[in-house]
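[1] My questions concern the predicted model and sequence given below.
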Amino acid sequence: MAKVEIYYWTACPYCTKARGLLDSKNVKYEAHNLDDDEPTRQALASRTDGRISMPQIFIDDKHIGGCDDLFDLEDAGKLDALLA
């Protein structure tokens, strides 16, 4: 199983949607809540080519992107292969 990380905000609907997709696939993931943690959010930018919107998702330490990027992979039929 792939190592999956998701950085999120509690009140972010896109974060909830992305986590919901992962949950529906029974994916175990490391969830990093960045509520009120601006220093970590800014540090995360070095792993995301400057992107600081939430969520930010990594699979096997490769930056996947945000919620739309995750769903694009799912819609293209590529997500399951990355998660295997």
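    That came through, no problem. Residues are numbered from 1 along each chain as shown.

[2] Show me which residues of the helix or strand of the chain with the lowest mean pLDDT are buried.
    Between all helices and strands in the chain, the lowest mean by mean pLDDT, DSSP states H and E belongs to helix 38-44, at a mean of 92. Using 16 or more other CB atoms under 10 Å as the burial criterion, the residues of helix 38-44 that qualify are R41, L44. (Glycine included, C-beta is placed from N, CA and C.)

[3] next helix or strand past it?
    Sequence order places strand 56-59 as the next helix or strand after helix 38-44, per DSSP states H and E.

[4] what does that next one contact?
    Contacts of strand 56-59 with the rest of the structure, by CB atoms under 8 Å, 6 or more residues apart in numbering, involve 2-7, 18, 44, 47-48, 63-67, 69-70, 82-83.

[5] and the residues you listed, which of them are in strands?
    Here DSSP state E is the test, and the contacts of strand 56-59 give V4, E5, I6, Y7, H63, I64, G65 as lying in strands.

[6] and the residues you listed, which are buried?
    Neighbour counting by 16+ other CB under 10 Å classes V4, E5, I6, Y7, H63, I64, G65 among those as buried.

[7] from those, which is closest to K25?
    Nearest to K25, judged by CB to CB, of those is V4 at 9.9 Å.

[8] could you measure the closest one against N33, distance?
    Here V4 is placed at a distance of 15 Å from N33 (CB to CB, to the nearest Å).

[9] swap in I57?
    Taking CB to CB as the measure, I57 falls 14 Å from N33.

[10] and if you look at V27?
    When V27 is compared with N33 (using CB to CB), they lie 17 Å apart.
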